[in-house]
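Trainee: Next come a sequence and a model predicted from it.
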Amino acid sequence: LAKTTQPISMDSYEGQEVNITCSHNNIATNDYITWYQQFPSQGPRFIIQGYKTKVTNEVASLFIPADRKSSTLSLPRVSLSDTAVYYCLVGDRGTGFQKLVFGTGTRLLVSP
Amino acid sequence: EAQVTQNPRYLITVTGKKLTVTCSQNMNHEYMSWYRQDPGLGLRQIYYSMNVEVTDKGDVPEGYKVSRKEKRNFPLILESPSPNQTSLYFCASSPRTSATDTQYFGPGTRLTVL
């Protein structure tokens, strides 16, 4: 499975847009990129998944450049409740996602 | 309500005393998995199961056993717990047939081995 690299932590203020970048230089052709969110003492929660270009849902957007060696999770107008750890995962939906590898994630702190 | 449940949520035990952490999902998911989470190490996969009677090791299987006799249940067994298994444990399930293959996590079990 492709290894991912994310910033350890980020700080933001309420109402700002937050962009968290994940590097996955060894991503394979069949790999998808998935982001999870985790609050303290809770299980991770799926946010968004994509393969290329841009994916948007009601929570976030995911931008993936043409070479797919990185991806950016964009959280529009964050609030205090977005304070959490965000994980970027890369794997093959057909065979690789059985063995998810979570890195240490990015700890996002949103302040008033 | 669709959910993954774990029991117990909190457990304090002593070294060597066998214990089982149960995991159950009501979504008819084929895939289930166990993770442990430790400070500074993120989540690490212990075991996973693609379907009934099909299990495989994750990244940190030593000291753990699992079984998948029914689709909905995936218990984690610690035959002889040791202090280094003190951790926060999460069970997860996935339909494996959805467009996103997302995993649904349980609320976690905080285990302390003295």
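Mentor: Nice, I can see it. Here the structure is a predicted model, which is why all the values come from computation and not from measurement. Numbering: from 1, shown residues only, chains lettered A, B, ... in the order given.
Trainee: Please report how far the residue nearest to B:Leu111 when sequence neighbours are not counted lies from B:Val4.
Mentor: Leaving aside its chain neighbours, B:Leu111 sits nearest to B:Leu11 (5.1 Å; criterion: CB to CB, 6 or more residues apart in numbering or on different chains). Where you see a C-beta, it was placed from the backbone N, CA and C, and this is true even at glycine. Distance of B:Leu11 to B:Val4, given as CB to CB, to the nearest Å: 18 Å.
Trainee: The two - which one has more neighbours?
Mentor: Higher neighbour count among B:Leu11 and B:Val4: B:Val4, with 23 against 16, using other CB atoms under 10 Å in any protein chain shown.
Trainee: I'd say the more buried one and B:Ser24 touch.
Mentor: Yes. Contact criterion CB atoms under 8 Å: B:Val4 and B:Ser24 qualify, at 7.3 Å.
Trainee: any bit of the host helix or strand of B:Tyr35 sitting next to chain A?
Mentor: B:Tyr35 belongs to strand B:31-38 when elements are defined using DSSP states H and E. Yes. Counting by CB under 8 Å from any CB of the partner chain, chain A has neighbours in strand B:31-38: B:Tyr31, B:Ser33, B:Tyr35.
Trainee: Please identify the residue of chain A positioned nearest to chain B.
Mentor: When scored by CB to the nearest CB, chain A has A:Gly43 as its residue closest to chain B, at 2.7 Å.
Trainee: how about the nearest residue to that residue, chain neighbours excluded?
Mentor: B:Phe105 (2.7 Å).
Trainee: which residues in the chain form strands?
Mentor: All of this is about chain A. A:9-13, A:18-23, A:31-38, A:45-50, A:53-56, A:61-64, A:70-75, A:84-92, A:106-111 (DSSP state E).
Trainee: sorry, should have said chain B
Mentor: B:4-7, B:10-13, B:19-25, B:31-38, B:42-51, B:54-57, B:65-66, B:76-78, B:87-94, B:104-105, B:109-113.
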